[in-house]
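>>> Pasting a predicted model and its sequence here:
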Amino acid sequence: MLSNSDFPLIQIQTNSCCASATDQPGKFVPDFNQPFVSGFVETPVGRLPRVSSKPTRQDQWGTIKARLTAFRMDYKIDPGLYALGHPDNHSPVFVSANYKMSFDYLRQALAGRSGWILVLDTKGINVWCAAGKGTFGTDELVRRIESSGMKKIVSHRKLILPQLGAPGVAAHKVKQLSGFHVQYGPVRAEDLPAYLDAGCKATETMRIKTFDWKERAELIPIELIAAIKPFLLLAAAFLIISGMIGPSGFWNNVTHIGVFAVFALLGAVIGGTVIHPLLLPYLPWRAFSIKGFAIGFAVTLMLLYLRGMDLFTWSGKIEALAWLMIVPAISGYLAMNFTGCSTYTSLSGVKKEMRWALPLEMTSVAVGIFMWLGAVLIS
Amino acid sequence: MKNHIYLKNVVTLHLDKNKCTGCGMCLDVCPHDVFRTNEKHVLIQNRDACMECGACSRNCPANAISVASGVGCAAAVINSMLGKEGECCCGPSDAGDKGCCS
């Protein structure tokens, strides 16, 4: 196990009490003590950290946590130049973001190969989002090329960038400013071996960003968990209010009216955050809100049927209608929010959809709640 | 499942055929097969598949492409409607905001 005393130079750099790693001007070397660093390599600019393509338990656990919790908000590594395997001055240079999952996907895709990985400081954000915001960008890339001393390490002048970094990087400008020629590799890191073996040529399939059911399903936990807290607050409110204003005693009301409300709200949440992503391409409308409305509507009808409501009384009719206003609106809203996670919606499209969908959702929920209150009061 | 399509006729993508040199960078960087080439210059073949990511306009050395790119996220649009600073706050920030994507 390496310790700080093995690298006296690095000790001076990393133990500085005031300067953070990213504040340092000039040459900057990633911290060798990061848990995924498996060794070091000697280069003309000094020692650099070495990584392998095999994930450790810690790496795998980190990926799971990042998919499920806010753990992903601070899951980053030091930017700078890393050695993968046993690279030399002819080895390819891959560029990545300092979100650890991006880095891990890259190195794991390159099993059995050697290369250099230049990690940009994207503030711990993944490649595509960072490219959209500009942090995975021309300037940062050029800065890292200089600060890493790469020009002394490789004799070629080629960089392989993930295709999804393109929104932030102007390849022709990078060439002008640094002399390095940017080649855009495939969208998915796992296609890199085939890309490399074909002489850095991508097939048409490698250049398309898909959104298949697995990719959609991966996004469900985050969406669902984000909806849980508002759901609990709303559920509590409905339970208490039904208890207070219902026709009989508090607990009787809660069981006969409040509990259904909780199921209805849960149905709305599951419809919007779980069912919608899974069924996305199979629902005929283009706007996400409409897909969400449809799911919410179906869920409500099913719940009303299972409850066996008395639709002959006014109270029954109005309460059923109230849920048909509330649940689809909530599912629609949650579905609309999925545009942020999807890979094919345009900002212009989202704005256009929201212009009519958001007021509709808000009005529908408000009217629905009034109707529900009315129905409970007159029952 | 190929070809997810969002709304029709909304994107701000524009290609100036006169400036296009046919270098094909946009074909390489577009993640949704929006462009095709007729060997002389590039054409838009599937405008509705464009998600306005801006990769094409950013990488066009001839400045032949323009598109209004931005965070295509409902939460970001709501934030800006409410007048909140910055769009969707992705990832860690000094204020400790929760982001919607990372």
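The structure has been received and is ready for your questions. Numbers count the residues shown, from 1 in each chain, chains lettered A, B, ... in the order given.
>>> Give me the pLDDT value at the residue in chain B that chain A sits nearest to.
Relative to chain A, the nearest point of chain B is B:Cys73 (3.2 Å; CB to the nearest CB). C-beta: built from backbone N, CA, C; applies to glycine. On pLDDT, B:Cys73 comes in at 77.
>>> Now it. Nearest residue, chain neighbours left out?
A:Gly340 (3.2 Å; CB to CB, 6 or more residues apart in numbering or on different chains).
>>> burial measure for that neighbour, as a count.
As a burial measure, A:Gly340 scores 22 neighbours (other CB atoms under 10 Å in any protein chain shown).
>>> from memory it sits against B:Val77, does it?
No: under the criterion of CB atoms under 8 Å, A:Gly340 is not in contact with B:Val77, lying 9.2 Å apart.
>>> Just the CA atoms of the helix or strand bottoming out on mean pLDDT in chain B, as CSV, please.
Counting by mean pLDDT, DSSP states H and E, the weakest-scoring helix or strand in chain B turns out to be helix B:74-81, with a mean of 81. Listed next in CSV are the C-alpha coordinates belonging to helix B:74-81 (Å, rounded to 0.1, in the frame of the first residue of the first chain):
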residue,chain,number,x,y,z
ALA,B,74,-39.0,20.8,-17.0
ALA,B,75,-37.5,21.6,-13.6
ALA,B,76,-35.1,24.1,-15.2
VAL,B,77,-38.0,25.8,-17.1
ILE,B,78,-40.0,26.0,-13.9
ASN,B,79,-37.0,27.4,-12.0
SER,B,80,-36.6,30.2,-14.6
MET,B,81,-40.3,30.9,-14.6
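>>> tell me what it is packed against?
For helix B:74-81, the packing partners by 3 or more CB pairs under 8 Å, 6 or more residues apart in numbering or on different chains; DSSP states H and E come out as helix A:314-337, helix A:347-378.
>>> tell me the secondary structure for the closest residue to A:Ser348 other than its chain neighbours?
Counting by CB to CB, 6+ apart, A:Ser348 lies nearest to B:Val10, which is 4.4 Å off, once chain neighbours are set aside. What DSSP: H, G, I helix; E, B strand; the rest coil gives for B:Val10 is coil.
>>> I'd say B:Val10 and A:Lys352 touch.
Yes: using CB under 8 Å, B:Val10 is in contact with A:Lys352, at 5.3 Å.
>>> of the two, who's got more company?
For B:Val10 and A:Lys352, the more surrounded residue by other CB under 10 Å is B:Val10, and the numbers stand at 19 against 16.
>>> check contacts around that one.
A:Ser346, A:Ser348, A:Gly349, A:Lys352 (CB atoms under 8 Å, 6 or more residues apart in numbering or on different chains).
>>> Would you mind putting these into TSV with pLDDT alongside?
Output for the contacts of B:Val10, formatted as TSV (pLDDT from 0 to 100):
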residue	pLDDT
A:Ser346	93
A:Ser348	94
A:Gly349	94
A:Lys352	94
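>>> Looking at those, spot the one nearest B:Ser66.
Proximity of the contacts of B:Val10 to B:Ser66 (CB to CB) peaks at A:Ser348, which lies at 13.0 Å.
>>> how near is that closest one to A:Gly316?
Distance, A:Ser348 to A:Gly316, by CB to CB, to the nearest Å: 44 Å.
>>> Neighbour count: the two, which is higher?
Neighbour totals were compared for A:Ser348 and A:Gly316, and A:Ser348 leads with 23 against 16 (other CB under 10 Å).
>>> The more buried one against B:Lys8, yeah?
No: counting by CB under 8 Å, A:Ser348 does not reach B:Lys8; the two are 11.2 Å apart.
>>> Now the common contact residues for those two.
What both A:Ser348 and B:Lys8 touch, as defined by CB under 8 Å, 6+ apart, is an empty set.
>>> can you map out the strands along chain B?
For chain B, the strands defined by DSSP state E cover B:14-15, B:35-37, B:42-44, B:65-66.
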